[in-house]
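Visitor: sharing a model prediction with you, sequence too.
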Amino acid sequence: MVAGAFPLAKLLTLGARQLSRPLAARIKAGARASPFFRTYICLPPAQLYHWVEMRTKMRLLGFRGASVKPLNEEAAAELGAELLGEALVFGVGGLCLYLEYLRQAGQGRRREEHLDRALAELREHLEELRRDLEALRGR
């Protein structure tokens, strides 16, 4: 096995994705413990998510005018922490995909440039051979 053929970039992205799960769990635990983080970071997205989810369910069931009661603080903090953790994992996964796309695009571009240079060199050699042939015919 050749050492240079091992895809180091893929290994690094896999490691980043694997590290994002424990990091998300630690953030969730911190969100549950910190009142500031709970109140200003976790609760608003959780309440918004709950409101949108319940409004959608009610509309699908045919209840048009019913109001949505907000979640209690404990349930909202739990949902907000869960949303935050999942958003982190999703964001890291999306970033890994984007970086892999950039890497593949760069490899493709370098391959095309290499082929273009090789084709230009072949054309130059062909022109040189044509000039040599004309010179030989002219003698």
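Guide: Noted; the coordinates are in hand.

Visitor: alpha carbons only for contacts and neighbour counts from here, please
Guide: Will do.

Visitor: right, and the helix or strand after the lowest-mean-pLDDT helix or strand in the chain?
Guide: Of all helical and strand segments in the chain, the minimum by mean pLDDT, DSSP states H and E falls on helix 8-33, at a mean of 76. On the C-terminal side of helix 8-33, the closest following helix or strand by DSSP states H and E is helix 35-37.

Visitor: for the least confident helix or strand of the chain, name the packing helices and strands.
Guide: Applying 3 or more Cα pairs under 8 Å, 6 or more residues apart in numbering; DSSP states H and E, we find helix 8-33 packed against helix 73-138.

Visitor: which strands and helices sit next to the helix it packs on?
Guide: Under the contact criterion of 3+ Cα pairs under 8 Å, 6+ apart, helix 73-138 touches helix 8-33, helix 43-61.

Visitor: point to the residue nearest the middle of the protein.
Guide: Centroid-nearest residue in the chain: Gly94, 1.6 Å away (criterion: Cα atoms, centre = their mean).

Visitor: I'd like the distance between that residue and Cys42.
Guide: Remark: distance between Gly94 and Cys42 (Cα to Cα, to the nearest Å) = 22 Å.

Visitor: what's the answer for Leu14, then?
Guide: Leu14 is 28 Å from Cys42, by Cα to Cα.

Visitor: who has more neighbours out of those two?
Guide: Cys42 (25 against 14; other Cα atoms under 10 Å).

Visitor: quick check: the gap between the nearest residue to that one once chain neighbours are set aside and Ala31.
Guide: Leaving aside its chain neighbours, Cys42 sits nearest to Gly80 (4.2 Å; criterion: Cα to Cα, 6 or more residues apart in numbering). From Gly80 across to Ala31, the span is 8 Å (Cα to Cα).

Visitor: please say which of those two ends up with more neighbours.
Guide: Each of Gly80 and Ala31 has its neighbours counted (other Cα under 10 Å); Gly80 has more, 27 against 24.

Visitor: figure out which of the helices and strands packed on helix 73-138 is closest to Arg110.
Guide: Comparison of the helices and strands packed on helix 73-138 against Arg110 by Cα to Cα identifies helix 8-33 as nearest, at 17.1 Å.
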